[in-house]
Every structure is written in C-alpha cells, then in structure tokens.
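Asks: structure here, sequence nowhere to be found:
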Ligand code: PBG
C-alpha cells in the first residue's frame, strides 16, 4: 500500500515536506483608498476593516504597514469631483499624488520603506464611471490612452515607485511606458493588470471607490470569465508592450489562469485578491461560519502554490500582524 500518511504524522514532518512556505509579508501589497477632504477615516460597509482615508489621516495605516513588513501600498483615488474625461486622474493636487508625497514623508519619519504603487485608471474620475472616455456611447480605446499616460506621469512626478494600469485598454502599457520614458522616468516599473476579468467580485470595490459604471457594464473591455486561452494572449500583449510585472485578477476563481500564466512567462506574476473575495471571508467569519485566521492563511498560500510571486490583498495587514503562522 502507498502510505501517504507517513509524512503527515507530526508538524515537523509536515514542515519538512511542505512544498510552499507560509506567505512572507514582504510578498504582499495592501490596497488603500484615498479620498478628497480632511479629517475623515470611514469604514467601507461591505469591507469591514478597510477604510477610505483623507491624506491627513494616513499615519495609522502607514505605521501598521511598516510594522507588518509588507512590500507596499497600492493607492486608489476617490476624488470629490468627476467629469466626462476623468481629468482628476492627472491632477497633481488630487488625492493620489498628495497621498504618495505624504506616505513618503511618513516613511522617512519612521525610518522605514514602503513601495507606493499608483493604480492608473479613469473610472474613479469619470462622471460615467467607465475606465475610458466615451464617444457615441462606446468606450474609445485609443482616445483613452493619452489620458492614462498623463495619469501615470502625474503619479511618477509625485514620487510613486510603480504604476499599475487597470483599465484593460489595448495598448495602455505601451502608451504609459512611452510617456514615462519621455518624461525621464525610464526606470519606473509598470505592473499590467494583464488578465483582468469582468467580475461580480469587484462589487465592494465599486462602493469603496464610488466607481460603478452609470450605464452598461465593463464587458467590452474586461475579459469574459469563460476564457482561459485569451487570458494568455492578454498576458503576452502586456509583456510585449514592456510591462515589468504581469497580473491575473480576480484570484480565487482564476488559479487555473495563474498556473498557466506561470508556465507561459518569465516575468514576475501578481494576483489580485479582490474586494468581493475579501468580503466573503470577512462576512463568513463575522457570522461565525469560518475561522478567519486559518481561512486567510489557506487562501494566501494557495496563490503562491499556484505560481504567484506576489499578492495584492486587503488581508495583508491582518495576515502579517495577526494571522501569520496561525494555520
Ligand atoms: C478600476 C479597478 C477596479 C478594481 C481595481 N481597479 C474595479 C473595476 O474594474 O471595476 C477592483 C479591485 C477590487 O475589487 O478589489 N479599474
């Protein structure tokens, strides 16, 4: 008989043969919502433990992130004003550029370091909530590219360490790369949201960022969740366009794509454990249906087992400060 249980007898044996290490907090990125205004730190109803902060209230989360030893923060802006073009996305006085500068100050004061990654998209800034500009009721791909490029250069000017275009416009990575190079930011890395699916799991994020499309949906630019081979084409395109890091998003239902992506590319691979995935775990834990610490450890470990090199997750601080090693 094959006695596979022989190596499961005790924790030392299990540790010895473990194929995947417990996730290192240094491999995690924590998303942060930054809003216009002052003196506000408001919890997002569908994402317990996650807040929208005004720039003057970022001290606590930055200190926690430094204490947690995570790699960095990914910033999303929630501006007070929106317009057709999403012009707030390249406003040097907008919440994201101001937050980048503030976080760098706080890190310097704490003698710590965090990577500050700026998500680059228009949906938080457009009155219609789409990720590109509209022409005749359609999202105009090519007209949207220079706007994304302007937003990326704006984030770079503020001191962001990396930009991450999330709109799924074709050619956006190349447009941003060219603009960054032209503005002198030759060494600023670009993380492509390469294979981003049109997903119900973004629901809580859209509440957090007030970025739900006012008409229609995102299916003409985000991927159809029935497709795996097409995801590999998307990843190959971003690689060709000069992305430094590729991403698969969401995470939990897409580990087949993560595994296939790992086999296809030699670039570092990120997975985004999105808002709805976080909300499910939190809601079940709150209802006493799941052990949150063990669930989070299992979920995060699965991403690395599937082949991810890094994970963007709302669980990052809880994991690093409370759950790490509790599985
Ligand atoms: C904006 C953007 C979204 C997310 C990241 N960037 C929302 C969307 O595409 O509707 C989702 C993140 C999450 O759900 O946690 N383009």
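Replies: It's in. Quick caveat, the model's predicted, so the values are computed rather than measured. Residues are numbered from 1 along each chain as shown.

Asks: contact partners for the residue of the stretch 101-250 of the chain found nearest the ligand?
Replies: At 3.2 Å from the ligand, residue 205 is the closest residue in the stretch 101-250 of the chain, using CB to the nearest ligand atom. Every C-beta, even on glycine, is put in place using the N, C-alpha and C of the backbone. Residue 205 makes contact with 211, 274, 275, 276 under the criterion CB atoms under 8 Å, 6 or more residues apart in numbering.

Asks: just those residues: which has the poorest pLDDT?
Replies: The lowest pLDDT within the contacts of residue 205 belongs to residue 211, which sits at 90.

Asks: where does that residue fall, secondary structure wise?
Replies: Under DSSP states H and E, no helix or strand contains residue 211.

Asks: how many neighbours does the residue nearest to it when sequence neighbours are not counted have?
Replies: Counting by CB to CB, 6 or more residues apart in numbering, residue 123 is the residue found nearest to residue 211 once chain neighbours are left out, at 4.3 Å. Per other CB atoms under 10 Å, the neighbour tally for residue 123 reads 25.

Asks: pretty sure residue 123 contacts residue 139?
Replies: No - under the criterion of CB atoms under 8 Å, residue 123 makes no contact with residue 139, lying 10.3 Å away.

Asks: which residues are in contact with both of the two?
Replies: Common neighbours of residue 123 and residue 139 are listed as 130, 131 (criterion: CB under 8 Å, 6+ apart).

Asks: just checking, what packs against the lengthiest helix in the chain?
Replies: The helix spanning the most residues in the chain, taking DSSP state H as the definition, is helix 141-158. Other elements packing on helix 141-158 under the criterion 3 or more CB pairs under 8 Å, 6 or more residues apart in numbering; DSSP states H and E are helix 95-110, strand 115-120, strand 162-165, helix 172-182.

Asks: would you reformat these as CSV and include mean pLDDT and distance to residue 32?
Replies: Converted to CSV, the helices and strands packed on helix 141-158 look like this (pLDDT from 0 to 100; distance: least, CB to CB, whole Å):
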stretch, mean pLDDT, distance to residue 32
helix 95-110, 98, 8
strand 115-120, 98, 9
strand 162-165, 98, 13
helix 172-182, 98, 21
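
Asks: output the ones you listed as a markdown table; include the columns distance to the ligand.
Replies: Below are those laid out as a markdown table (distance: least, CB to the nearest ligand atom, whole Å):
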| stretch | distance to the ligand |
| --- | --- |
| helix 95-110 | 13 |
| strand 115-120 | 5 |
| strand 162-165 | 8 |
| helix 172-182 | 11 |
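
Asks: in CSV, list those along with mean neighbour count and distance to residue 322.
Replies: Converted to CSV, those look like this (neighbours: other CB atoms under 10 Å; distance: least, CB to CB, whole Å):
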stretch, mean neighbour count, distance to residue 322
helix 95-110, 20, 20
strand 115-120, 24, 22
strand 162-165, 25, 27
helix 172-182, 21, 36
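
Asks: residue 310 reaches residue 71, doesn't it?
Replies: Yes - with contact defined as CB under 8 Å, residue 310 counts as touching residue 71 (7.0 Å).

Asks: mean confidence (pLDDT) on stretch 293-302, please.
Replies: Averaged over stretch 293-302, pLDDT sits at 98.

Asks: buried ones in the lowest-mean-pLDDT helix or strand in the chain?
Replies: Across the helices and strands of the chain, mean confidence by mean pLDDT, DSSP states H and E is lowest for helix 203-209: a mean of 92. Within helix 203-209, the residues that count as buried by 16 or more other CB atoms under 10 Å are 204, 205, 206, 207, 208, 209.
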